[in-house]
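Colleague: Output the structure for:
(one chain, ligands or ions: 1)
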Amino acid sequence: MATERKQVYKCSVCGIVAEVLDGGAGEMSCCGQPMKLLTENTVDASKEKHVPVIAWGDGGCTVTVGGVEHPMEPKHFIQMIELEADGVLHRRFLSPGERPVATFDVKQTSRVVARELCNLHGLWKS
Ligand SMILES: [Fe+2]
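Modeller: So this is what the prediction gives:
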């Protein structure tokens, strides 16, 4: 299976997560086996805790993970929040204990797409 830019893959052996910067005919592999493509929003998990919520304010665009904030515990947390605004990628990496929220300084007229990565429930988009 060919790879495409911005696809996110996870190794089911060691847990490494990798994003593709440029696609190709090859297959992503790690620990001697193919990596699993994380498809957006398809994991069977609580939707209201995973879909990124986009809000605009004075500081720019704030992305909160979940209408009900997602847990940020050591074993289950949001690893990153990404915002693509007019083709420019902005990303914040998060750690357990922080809130699952990120504010990006982008113009309100921007076309935006937000993605987030949960360490257990994969990739979600809005
Ligand atoms: Fe989760």
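Colleague: quick one, domains of the chain?
Modeller: Taking automatic domain parsing as the reference, the chain has its domains at 8-38, 52-125.
Colleague: Dump the ones you listed to a markdown table, plus mean neighbour count.
Modeller: All C-beta atoms are positioned from the backbone trio N, CA, C, and that covers glycine. Shown next, in a markdown table, are the domains of the chain (neighbours: other C-beta atoms under 10 Å):
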| stretch | mean neighbour count |
| --- | --- |
| domain 8-38 | 14 |
| domain 52-125 | 16 |
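Colleague: quick one: which of the ones you listed is nearest A45?
Modeller: domain 52-125 (3.9 Å; C-beta to C-beta).
Colleague: right, is the closest one up against the ion?
Modeller: Yes. For domain 52-125, a contact with the ion is found by C-beta under 5 Å from the ion, at C118, L120, H121.
Colleague: Wait, the last one touches K47, no?
Modeller: No. H121 lies out of contact with K47 (C-beta atoms under 8 Å); the separation is 10.0 Å.
Colleague: what do those two both touch?
Modeller: When C-beta atoms under 8 Å, 6 or more residues apart in numbering defines a contact, no residue borders H121 and K47 alike.
Colleague: pLDDT value on C11, please?
Modeller: Predicted confidence (pLDDT) for C11: 97.
Colleague: For the residue located most distally from the centre of the chain, which non-adjacent residue is spatially closest?
Modeller: Within the chain, G32 marks the point farthest from the mean C-alpha position, 25.1 Å out by C-alpha atoms, centre = their mean. Of all residues not flanking G32 in the chain, V13 sits nearest, at 7.9 Å (C-beta to C-beta, 6 or more residues apart in numbering).
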